[in-house]
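*Asks:* fold the following.
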Amino acid sequence: MSESKHRMLVVGVGSIGERHTRCFLATDRVVIGICELNDTLRTGVSDRYNVTDVFATLEEALAQQWDAALVATPAHTHIPIALQLAQARIPLLIEKPLSTTMDGVQELLDEVKRQNLLAAVSYNYRAHPALTAMKEALDTGRFGAIRQLNANVGQNFATYRPAYASVYFANRAQGGGAIQDALTHIINIGEWLAGPVDRISGDAAHQHLEGVEVEDTVHAFARHGDVMASYALNLYQQPNETVITLACEKATLRYEVAKNQWSWMDEVEGEWHEEHHPLEERDTCYVLNANAFLDALEGPAAPLCSLEEGVQTLKVNLALLASVNAPKWEEIH
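*Replies:* I've put the predicted structure just below:
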(Lines give C-alpha, C1' and ligand atoms only; values in the text may rest on other atoms or scores of the structure.)
Protein backbone atom coordinates (compact mmCIF):
# COMPACT_ATOMS: atom_id res chain seq x y z
CA MET A 1 0.00 0.00 0.00
CA SER A 2 1.17 3.51 -0.76
CA GLU A 3 2.19 5.71 2.17
CA SER A 4 -0.55 8.28 1.61
CA LYS A 5 -4.26 7.73 1.11
CA HIS A 6 -5.77 7.81 -2.36
CA ARG A 7 -8.07 10.68 -3.29
CA MET A 8 -11.21 9.04 -4.62
CA LEU A 9 -14.20 10.77 -6.17
CA VAL A 10 -17.62 9.12 -5.84
CA VAL A 11 -19.97 10.31 -8.58
CA GLY A 12 -23.55 9.73 -7.50
CA VAL A 13 -24.45 9.09 -3.87
CA GLY A 14 -27.86 7.49 -3.99
CA SER A 15 -28.24 4.26 -2.02
CA ILE A 16 -25.49 2.35 -3.85
CA GLY A 17 -23.16 5.36 -4.04
CA GLU A 18 -23.55 5.94 -0.31
CA ARG A 19 -22.78 2.29 0.36
CA HIS A 20 -19.63 2.48 -1.76
CA THR A 21 -18.65 5.67 0.09
CA ARG A 22 -19.05 3.96 3.44
CA CYS A 23 -17.19 0.83 2.32
CA PHE A 24 -14.28 2.62 0.67
CA LEU A 25 -13.88 4.69 3.83
CA ALA A 26 -13.85 1.43 5.81
CA THR A 27 -10.66 0.39 3.98
CA ASP A 28 -8.85 3.33 5.61
CA ARG A 29 -6.99 3.74 2.31
CA VAL A 30 -8.87 6.67 0.75
CA VAL A 31 -9.99 10.24 1.21
CA ILE A 32 -13.43 10.58 -0.38
CA GLY A 33 -14.91 13.41 -2.38
CA ILE A 34 -18.50 13.27 -3.61
CA CYS A 35 -20.24 14.65 -6.67
CA GLU A 36 -24.02 14.68 -6.63
CA LEU A 37 -26.64 16.81 -8.38
CA ASN A 38 -29.32 16.26 -5.74
CA ASP A 39 -28.90 18.79 -2.91
CA THR A 40 -30.52 16.57 -0.28
CA LEU A 41 -28.42 13.52 -1.10
CA ARG A 42 -25.23 15.56 -1.37
CA THR A 43 -25.74 17.24 2.00
CA GLY A 44 -26.91 14.11 3.77
CA VAL A 45 -24.00 11.91 2.69
CA SER A 46 -21.38 14.59 3.26
CA ASP A 47 -22.72 15.16 6.79
CA ARG A 48 -22.98 11.46 7.67
CA TYR A 49 -19.43 10.64 6.56
CA ASN A 50 -17.70 13.97 7.26
CA VAL A 51 -16.84 14.49 3.59
CA THR A 52 -15.46 17.97 2.97
CA ASP A 53 -14.79 17.78 -0.80
CA VAL A 54 -18.34 18.13 -2.10
CA PHE A 55 -19.40 19.09 -5.63
CA ALA A 56 -22.68 19.64 -7.43
CA THR A 57 -21.25 19.06 -10.94
CA LEU A 58 -18.56 16.89 -12.46
CA GLU A 59 -16.92 19.96 -13.96
CA GLU A 60 -16.43 21.40 -10.47
CA ALA A 61 -15.02 18.10 -9.21
CA LEU A 62 -12.59 17.81 -12.11
CA ALA A 63 -10.99 21.11 -11.13
CA GLN A 64 -9.24 19.06 -8.43
CA GLN A 65 -6.87 16.11 -8.71
CA TRP A 66 -8.16 12.55 -8.14
CA ASP A 67 -6.38 9.22 -7.98
CA ALA A 68 -9.52 7.28 -8.93
CA ALA A 69 -13.26 7.68 -9.38
CA LEU A 70 -16.32 5.53 -8.75
CA VAL A 71 -19.34 6.02 -11.03
CA ALA A 72 -22.53 5.14 -9.13
CA THR A 73 -25.15 7.16 -11.01
CA PRO A 74 -28.10 5.45 -12.78
CA ALA A 75 -26.81 2.99 -15.38
CA HIS A 76 -27.91 4.89 -18.47
CA THR A 77 -25.55 7.76 -17.46
CA HIS A 78 -22.47 5.62 -16.73
CA ILE A 79 -20.77 5.79 -20.11
CA PRO A 80 -20.73 9.58 -20.71
CA ILE A 81 -19.58 10.20 -17.13
CA ALA A 82 -16.93 7.47 -17.31
CA LEU A 83 -15.71 8.81 -20.64
CA GLN A 84 -15.31 12.31 -19.21
CA LEU A 85 -13.34 10.89 -16.28
CA ALA A 86 -11.18 8.76 -18.56
CA GLN A 87 -10.40 11.78 -20.70
CA ALA A 88 -9.17 13.42 -17.48
CA ARG A 89 -6.88 10.37 -16.99
CA ILE A 90 -8.66 9.14 -13.87
CA PRO A 91 -8.79 5.37 -13.16
CA LEU A 92 -12.35 4.07 -12.97
CA LEU A 93 -14.60 1.74 -11.02
CA ILE A 94 -18.07 1.70 -12.61
CA GLU A 95 -21.12 0.30 -10.82
CA LYS A 96 -22.95 -2.55 -12.53
CA PRO A 97 -24.46 -2.84 -15.05
CA LEU A 98 -21.96 -0.98 -17.20
CA SER A 99 -24.76 0.62 -19.21
CA THR A 100 -28.21 0.00 -20.69
CA THR A 101 -27.11 0.16 -24.34
CA MET A 102 -23.87 -0.22 -26.29
CA ASP A 103 -23.87 3.49 -27.15
CA GLY A 104 -20.43 4.96 -26.43
CA VAL A 105 -19.00 1.73 -25.02
CA GLN A 106 -16.38 1.29 -27.74
CA GLU A 107 -15.37 4.94 -27.35
CA LEU A 108 -14.83 4.35 -23.63
CA LEU A 109 -12.80 1.20 -24.30
CA ASP A 110 -10.65 3.08 -26.79
CA GLU A 111 -10.09 6.01 -24.40
CA VAL A 112 -9.16 3.72 -21.51
CA LYS A 113 -6.67 1.93 -23.75
CA ARG A 114 -5.26 5.20 -25.11
CA GLN A 115 -4.74 6.57 -21.59
CA ASN A 116 -3.51 3.18 -20.27
CA LEU A 117 -5.97 3.42 -17.38
CA LEU A 118 -7.22 0.94 -14.83
CA ALA A 119 -10.95 0.49 -15.45
CA ALA A 120 -13.19 -2.02 -13.70
CA VAL A 121 -16.87 -2.80 -13.19
CA SER A 122 -18.23 -3.36 -9.69
CA TYR A 123 -19.70 -6.86 -9.60
CA ASN A 124 -19.16 -7.34 -5.87
CA TYR A 125 -20.20 -11.02 -5.75
CA ARG A 126 -16.74 -11.76 -7.11
CA ALA A 127 -15.37 -10.60 -3.75
CA HIS A 128 -17.39 -13.13 -1.73
CA PRO A 129 -14.83 -15.36 0.04
CA ALA A 130 -16.82 -18.58 -0.54
CA LEU A 131 -17.17 -17.92 -4.27
CA THR A 132 -13.51 -16.90 -4.51
CA ALA A 133 -12.47 -20.13 -2.79
CA MET A 134 -14.64 -22.22 -5.12
CA LYS A 135 -13.23 -20.44 -8.17
CA GLU A 136 -9.66 -21.05 -6.98
CA ALA A 137 -10.38 -24.74 -6.40
CA LEU A 138 -12.07 -25.07 -9.78
CA ASP A 139 -9.10 -23.44 -11.51
CA THR A 140 -6.73 -26.11 -10.17
CA GLY A 141 -8.40 -28.59 -12.52
CA ARG A 142 -9.02 -31.16 -9.79
CA PHE A 143 -12.75 -31.32 -10.57
CA GLY A 144 -12.36 -31.40 -14.35
CA ALA A 145 -14.25 -29.27 -16.83
CA ILE A 146 -17.68 -27.79 -16.11
CA ARG A 147 -20.44 -29.49 -18.09
CA GLN A 148 -23.55 -27.78 -16.68
CA LEU A 149 -24.33 -24.69 -14.59
CA ASN A 150 -27.62 -24.09 -12.79
CA ALA A 151 -28.38 -20.91 -10.86
CA ASN A 152 -31.47 -20.45 -8.68
CA VAL A 153 -31.88 -17.04 -7.07
CA GLY A 154 -34.64 -15.31 -5.15
CA GLN A 155 -35.37 -12.81 -2.42
CA ASN A 156 -38.15 -10.63 -1.06
CA PHE A 157 -37.04 -7.48 -2.88
CA ALA A 158 -39.55 -5.21 -1.15
CA THR A 159 -38.00 -6.09 2.21
CA TYR A 160 -34.43 -5.34 1.22
CA ARG A 161 -35.12 -2.50 -1.21
CA PRO A 162 -38.34 -0.87 0.02
CA ALA A 163 -37.93 2.20 -2.21
CA TYR A 164 -37.67 0.08 -5.39
CA ALA A 165 -40.79 1.55 -7.01
CA SER A 166 -39.59 5.14 -6.75
CA VAL A 167 -36.01 4.70 -8.04
CA TYR A 168 -34.31 3.54 -11.25
CA PHE A 169 -35.50 -0.07 -10.72
CA ALA A 170 -38.94 0.88 -12.04
CA ASN A 171 -37.54 1.87 -15.44
CA ARG A 172 -35.67 -0.46 -17.80
CA ALA A 173 -34.19 2.51 -19.65
CA GLN A 174 -32.38 3.52 -16.44
CA GLY A 175 -31.12 0.00 -15.70
CA GLY A 176 -34.21 -1.26 -13.91
CA GLY A 177 -35.97 -4.59 -13.94
CA ALA A 178 -34.78 -7.94 -12.65
CA ILE A 179 -32.50 -8.68 -15.59
CA GLN A 180 -30.34 -5.57 -15.40
CA ASP A 181 -30.51 -5.04 -11.64
CA ALA A 182 -30.29 -8.55 -10.17
CA LEU A 183 -29.74 -11.32 -12.71
CA THR A 184 -26.78 -9.46 -14.19
CA HIS A 185 -24.84 -10.30 -10.99
CA ILE A 186 -25.50 -14.01 -11.48
CA ILE A 187 -24.72 -14.03 -15.18
CA ASN A 188 -21.45 -12.25 -14.40
CA ILE A 189 -20.62 -15.01 -11.89
CA GLY A 190 -21.51 -17.62 -14.51
CA GLU A 191 -19.15 -16.00 -17.01
CA TRP A 192 -16.40 -15.83 -14.36
CA LEU A 193 -16.76 -19.54 -13.66
CA ALA A 194 -17.66 -21.00 -17.06
CA GLY A 195 -16.45 -18.45 -19.60
CA PRO A 196 -18.35 -15.96 -21.77
CA VAL A 197 -21.94 -16.58 -22.82
CA ASP A 198 -22.13 -16.98 -26.58
CA ARG A 199 -25.89 -17.51 -26.89
CA ILE A 200 -28.89 -17.01 -24.63
CA SER A 201 -32.67 -17.27 -24.70
CA GLY A 202 -35.14 -16.35 -22.02
CA ASP A 203 -38.55 -15.51 -20.70
CA ALA A 204 -39.46 -12.83 -18.15
CA ALA A 205 -42.59 -11.31 -16.68
CA HIS A 206 -43.94 -9.03 -14.01
CA GLN A 207 -45.52 -11.50 -11.61
CA HIS A 208 -45.85 -9.93 -8.18
CA LEU A 209 -44.00 -6.73 -7.16
CA GLU A 210 -46.41 -3.89 -6.52
CA GLY A 211 -45.99 -0.44 -8.00
CA VAL A 212 -43.85 -1.39 -11.02
CA GLU A 213 -44.36 -2.97 -14.43
CA VAL A 214 -40.81 -4.19 -15.08
CA GLU A 215 -40.03 -7.89 -14.88
CA ASP A 216 -39.57 -9.44 -11.44
CA THR A 217 -39.20 -13.04 -12.65
CA VAL A 218 -36.68 -14.36 -15.20
CA HIS A 219 -35.86 -17.76 -16.66
CA ALA A 220 -32.96 -18.04 -19.10
CA PHE A 221 -31.05 -20.75 -20.92
CA ALA A 222 -27.50 -20.03 -22.02
CA ARG A 223 -24.42 -21.56 -23.58
CA HIS A 224 -20.98 -20.71 -22.23
CA GLY A 225 -19.18 -22.42 -25.09
CA ASP A 226 -19.64 -26.14 -24.37
CA VAL A 227 -21.21 -25.48 -20.96
CA MET A 228 -25.00 -25.61 -20.82
CA ALA A 229 -26.54 -23.24 -18.27
CA SER A 230 -29.88 -22.25 -16.80
CA TYR A 231 -30.69 -19.19 -14.70
CA ALA A 232 -33.90 -18.69 -12.67
CA LEU A 233 -34.61 -15.64 -10.52
CA ASN A 234 -37.54 -14.05 -8.75
CA LEU A 235 -37.79 -10.98 -6.52
CA TYR A 236 -40.65 -11.91 -4.18
CA GLN A 237 -40.02 -15.29 -2.53
CA GLN A 238 -39.57 -15.56 1.23
CA PRO A 239 -36.08 -17.11 1.45
CA ASN A 240 -33.15 -14.92 0.41
CA GLU A 241 -30.98 -17.36 -1.49
CA THR A 242 -28.49 -17.70 -4.30
CA VAL A 243 -27.51 -21.24 -5.18
CA ILE A 244 -25.18 -21.98 -8.10
CA THR A 245 -24.48 -25.62 -8.92
CA LEU A 246 -21.72 -26.77 -11.27
CA ALA A 247 -21.81 -30.34 -12.60
CA CYS A 248 -18.20 -31.01 -13.54
CA GLU A 249 -16.44 -34.07 -14.97
CA LYS A 250 -15.21 -35.34 -11.60
CA ALA A 251 -17.44 -33.68 -9.00
CA THR A 252 -20.44 -31.46 -8.38
CA LEU A 253 -19.77 -28.05 -6.80
CA ARG A 254 -22.25 -25.74 -5.11
CA TYR A 255 -22.07 -22.11 -3.98
CA GLU A 256 -24.69 -21.00 -1.43
CA VAL A 257 -24.73 -17.35 -0.42
CA ALA A 258 -27.20 -17.79 2.45
CA LYS A 259 -24.86 -20.29 4.10
CA ASN A 260 -21.68 -18.39 3.15
CA GLN A 261 -20.24 -21.63 1.88
CA TRP A 262 -19.18 -23.67 -1.09
CA SER A 263 -19.22 -27.44 -1.16
CA TRP A 264 -18.38 -30.38 -3.38
CA MET A 265 -19.37 -34.03 -3.83
CA ASP A 266 -16.87 -36.21 -5.69
CA GLU A 267 -18.47 -39.67 -5.22
CA VAL A 268 -21.85 -40.88 -6.46
CA GLU A 269 -24.35 -40.40 -3.59
CA GLY A 270 -21.39 -39.43 -1.45
CA GLU A 271 -21.02 -36.83 1.25
CA TRP A 272 -20.98 -33.09 0.69
CA HIS A 273 -17.66 -31.58 1.71
CA GLU A 274 -18.44 -28.09 3.00
CA GLU A 275 -16.17 -25.09 3.32
CA HIS A 276 -17.58 -22.12 5.24
CA HIS A 277 -16.53 -18.49 4.82
CA PRO A 278 -18.61 -16.39 7.25
CA LEU A 279 -19.08 -12.70 6.54
CA GLU A 280 -18.80 -10.19 9.37
CA GLU A 281 -21.67 -8.06 8.05
CA ARG A 282 -23.60 -7.22 4.88
CA ASP A 283 -21.03 -4.62 3.84
CA THR A 284 -18.14 -7.10 3.93
CA CYS A 285 -18.19 -7.97 0.22
CA TYR A 286 -18.28 -4.28 -0.69
CA VAL A 287 -15.26 -3.58 1.51
CA LEU A 288 -13.42 -6.53 -0.02
CA ASN A 289 -14.38 -5.25 -3.47
CA ALA A 290 -13.07 -1.79 -2.57
CA ASN A 291 -9.78 -3.19 -1.31
CA ALA A 292 -9.39 -5.29 -4.47
CA PHE A 293 -9.84 -2.19 -6.63
CA LEU A 294 -7.28 -0.27 -4.57
CA ASP A 295 -4.87 -3.20 -4.84
CA ALA A 296 -5.24 -3.03 -8.62
CA LEU A 297 -4.77 0.74 -8.52
CA GLU A 298 -1.49 0.27 -6.70
CA GLY A 299 -0.52 -2.70 -8.93
CA PRO A 300 0.21 -5.31 -10.06
CA ALA A 301 -3.07 -7.00 -9.04
CA ALA A 302 -5.83 -7.30 -11.63
CA PRO A 303 -9.31 -5.89 -10.88
CA LEU A 304 -11.99 -8.37 -9.87
CA CYS A 305 -14.02 -7.57 -12.99
CA SER A 306 -12.28 -5.77 -15.81
CA LEU A 307 -13.99 -3.25 -18.06
CA GLU A 308 -13.86 -5.79 -20.90
CA GLU A 309 -15.61 -8.40 -18.74
CA GLY A 310 -18.22 -5.82 -17.79
CA VAL A 311 -18.81 -5.11 -21.49
CA GLN A 312 -19.28 -8.83 -22.12
CA THR A 313 -21.91 -9.11 -19.38
CA LEU A 314 -23.64 -5.99 -20.73
CA LYS A 315 -23.91 -7.71 -24.11
CA VAL A 316 -25.56 -10.68 -22.42
CA ASN A 317 -28.01 -8.40 -20.55
CA LEU A 318 -29.03 -6.78 -23.82
CA ALA A 319 -29.28 -10.09 -25.68
CA LEU A 320 -31.53 -11.51 -22.96
CA LEU A 321 -33.75 -8.42 -23.00
CA ALA A 322 -34.02 -8.73 -26.79
CA SER A 323 -34.96 -12.40 -26.45
CA VAL A 324 -37.63 -11.56 -23.88
CA ASN A 325 -39.01 -8.72 -25.99
CA ALA A 326 -39.31 -10.85 -29.14
CA PRO A 327 -39.83 -14.41 -27.94
CA LYS A 328 -40.11 -17.35 -30.28
CA TRP A 329 -42.11 -20.23 -28.84
CA GLU A 330 -42.63 -23.67 -30.28
CA GLU A 331 -46.25 -24.51 -29.61
CA ILE A 332 -47.17 -28.01 -28.42
CA HIS A 333 -50.37 -29.36 -29.97
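*Asks:* would you mark the buried spots in stretch 159-176?
*Replies:* Arg161, Tyr164, Val167, Tyr168, Phe169, Ala170, Asn171, Arg172, Gln174, Gly175, Gly176 (16 or more other CB atoms under 10 Å). In short, each C-beta sits where N, CA and C put it, glycine included.
*Asks:* now do the closest residue to the fourth one other than its chain neighbours, the pLDDT please.
*Replies:* The one in question is Tyr168. In space, not counting the residues next to it along the chain, Tyr168 is nearest to Gln174; the distance is 4.0 Å by CB to CB, 6 or more residues apart in numbering. The model reports Gln174 with a pLDDT of 96.
*Asks:* how about the contacts made by Gln174?
*Replies:* Going by CB atoms under 8 Å, 6 or more residues apart in numbering, Gln174 touches Pro74, Ala75, His76, Thr100, Tyr168.
*Asks:* for the fourth one, which non-adjacent residue is closest in space?
*Replies:* Which is Thr100. Nearest one to Thr100, counting by CB to CB, 6+ apart, is His76 at 4.6 Å.
*Asks:* what about the one you found, neighbour count?
*Replies:* Using other CB atoms under 10 Å, His76 is surrounded by 19 other residues.
*Asks:* same thing with Glu274?
*Replies:* Glu274: 13 neighbours (other CB under 10 Å).
*Asks:* wasn't it part of a helix?
*Replies:* No: under DSSP: H, G, I helix; E, B strand; the rest coil, Glu274 falls outside any helix and is assigned strand.
*Asks:* what bridges to it?
*Replies:* Ser263 (DSSP bridges).
*Asks:* residue contacts, it?
*Replies:* Residues in contact with Glu274 (CB under 8 Å, 6+ apart) are Gln261, Trp262, Ser263.
*Asks:* for Gln312, see how far away the second one is.
*Replies:* Look at Trp262 and Gln312: by CB to CB, to the nearest Å, they are 24 Å apart.
*Asks:* do the same with Lys328
*Replies:* Taken as CB to CB, the span from Lys328 to Gln312 is 24 Å.
*Asks:* more neighbours: which of the two?
*Replies:* Using other CB under 10 Å, the more surrounded residue of Lys328 and Gln312 is Gln312, with 19 against 6.
*Asks:* on the three-state scheme, that one is what?
*Replies:* Following three-state DSSP, the label given to Gln312 is helix.
*Asks:* low-confidence regions, the protein specifically.
*Replies:* 1-3 (pLDDT under 70).
*Asks:* domain parsing for it?
*Replies:* 6-125+286-306, 126-280+315-325 (automatic domain parsing).
*Asks:* tabulate those (TSV), appending distance to Ile332.
*Replies:* Formatted as TSV, the domains of the chain follow (distance: least, CB to CB, whole Å):
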stretch	distance to Ile332
domain 6-125+286-306	35
domain 126-280+315-325	15
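*Asks:* which one of these lies closest to His333?
*Replies:* domain 126-280+315-325 (19.8 Å; CB to CB).
*Asks:* the residue nearest to Thr100 is in contact with Gly175, isn't it?
*Replies:* Yes: using CB atoms under 8 Å, His76 makes contact with Gly175 at a distance of 6.2 Å.
*Asks:* now for those two: what residues contact both?
*Replies:* Common neighbours of His76 and Gly175, using CB under 8 Å, 6+ apart, are Thr100.
*Asks:* measure Ala319 to Ala220 for me?
*Replies:* 10 Å.
*Asks:* those two: which is more packed in?
*Replies:* Ala220 (26 against 18).
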